[in-house]
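[1] Got a predicted structure plus its sequence, pasted below:
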Amino acid sequence: MTPPTRGRPRSEEVRQAIHQAFLAAMLEDGFNQISIDAVAKRAGISRTTIYRWYKDRDEIALEVAIELVNLPEFPKPTGDYQADIRAFFSKTFEGANERGPLFTALMARAQADREFAEQVWQNFSQPRRTQLAIIIQSNPAVADTDQKSEAQLDTLLDLIFGAIWYRMMSGHAPLDKRFIEELCEIIQHYI
């Protein structure tokens, strides 16, 4: 999602400075404490520059989250199911453990704004969900059984992502290697 620009064209260097300043402020002070003034000061730019590109901090948060999910090092399926599923969960958990407050703030904001929720779904949640679905369907065991219905796969994906979000938001249990293995076992039972 790239907001429409007004005035001068966006500078990639300034955009990255805004993203880095926003992420640093959020991790240091918490999402609810972030102000556009604080982000501008950290980035070494004027708040007018930020407002030229973003309506509010929620738009910055969403763009930062989308960028993080789309980084080249996020694993793409290779066809090796066992490696792919574990790489997907490892990278997902790495991001959640490092930047969980960003993701939970997006989800909280989405609860209050249907349009924002749709942007989060289209640009952040759905692409990751689709990638996991592709990995699950690449499991050789799936080809050896009757194809599970799309509704069953959707429910499985809800259960998996629901468990991840619940752990991120409640902090009651870690997102770690043990949880990866537990999720892989649950997926095997599905298949």
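    Okay, I see it.
[2] which residues make contact with the lowest-mean-pLDDT helix or strand in the chain from outside it?
    The least trusted helix or strand in the chain, going by mean pLDDT, DSSP states H and E, turns out to be helix 140-143, with a mean of 74. By CB atoms under 8 Å, 6 or more residues apart in numbering, the list of residues contacting helix 140-143 from outside reads 81, 136, 148, 188, 191. The way it works is simple: take the backbone N, C-alpha and C, and place the C-beta from them, glycine included.
[3] In the protein, spot the helix with the most residues.
    Taking DSSP state H as the criterion, the chain has its longest helix at helix 81-112.
[4] how about it: buried residues?
    81, 84-89, 91-93, 95-96, 99-106, 109-110 (16 or more other CB atoms under 10 Å).
[5] Look up the closest residue to residue 54, ignoring the ones flanking it.
    residue 60 (5.1 Å; CB to CB, 6 or more residues apart in numbering).
[6] same for the helix or strand hosting the one you found, what does it pack against?
    Per DSSP states H and E: residue 60 is located in helix 57-69. Using 3 or more CB pairs under 8 Å, 6 or more residues apart in numbering; DSSP states H and E, the elements in contact with helix 57-69 are helix 12-29, helix 36-43, helix 81-112, helix 114-120.
[7] chain center to the longest one, what's the gap?
    Taking the mean of its C-alpha atoms, helix 81-112 sits 5 Å from the chain's own mean (CA atoms, centre = their mean, to the nearest Å).
[8] What sits closest to residue 79 if chain neighbours are left out?
    Using CB to CB, 6+ apart, the nearest residue to residue 79 is residue 138, at 6.4 Å.
[9] ok, now residue 66?
    Counting by CB to CB, 6+ apart, the residue nearest residue 66 is residue 123, at 4.9 Å.
[10] so how far is residue 68 from the one you found?
    12 Å (CB to CB, to the nearest Å).
[11] tell me which residues in the strand or helix carrying residue 179 are buried?
    Here residue 179, judged by DSSP H and E, is contained in helix 177-190. Buried residues in helix 177-190, counted by 16+ other CB under 10 Å: 179-180, 183, 187, 190.
[12] Over to stretch 129-141?
    In stretch 129-141, counting by 16+ other CB under 10 Å, buried: 129, 131-132, 135-136, 138-139.
[13] Go ahead and measure how far it is from the middle of the chain.
    The answer for stretch 129-141 is 18 Å, by CA atoms, centre = their mean.
[14] Export that stretch to CSV, keeping only CA atoms.
    C-alpha atoms of stretch 129-141 as CSV (Å, rounded to 0.1, in the frame of the first residue of the first chain):
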residue,chain,number,x,y,z
ARG,A,129,-1.9,-17.2,4.9
THR,A,130,-1.8,-18.0,1.2
GLN,A,131,1.9,-18.8,1.4
LEU,A,132,1.2,-21.2,4.3
ALA,A,133,-1.7,-22.8,2.4
ILE,A,134,0.6,-23.5,-0.6
ILE,A,135,3.2,-25.1,1.7
ILE,A,136,0.6,-27.3,3.4
GLN,A,137,-0.8,-28.4,0.0
SER,A,138,2.7,-29.3,-1.2
ASN,A,139,3.0,-32.0,1.5
PRO,A,140,3.2,-35.3,-0.4
ALA,A,141,0.7,-36.8,2.1
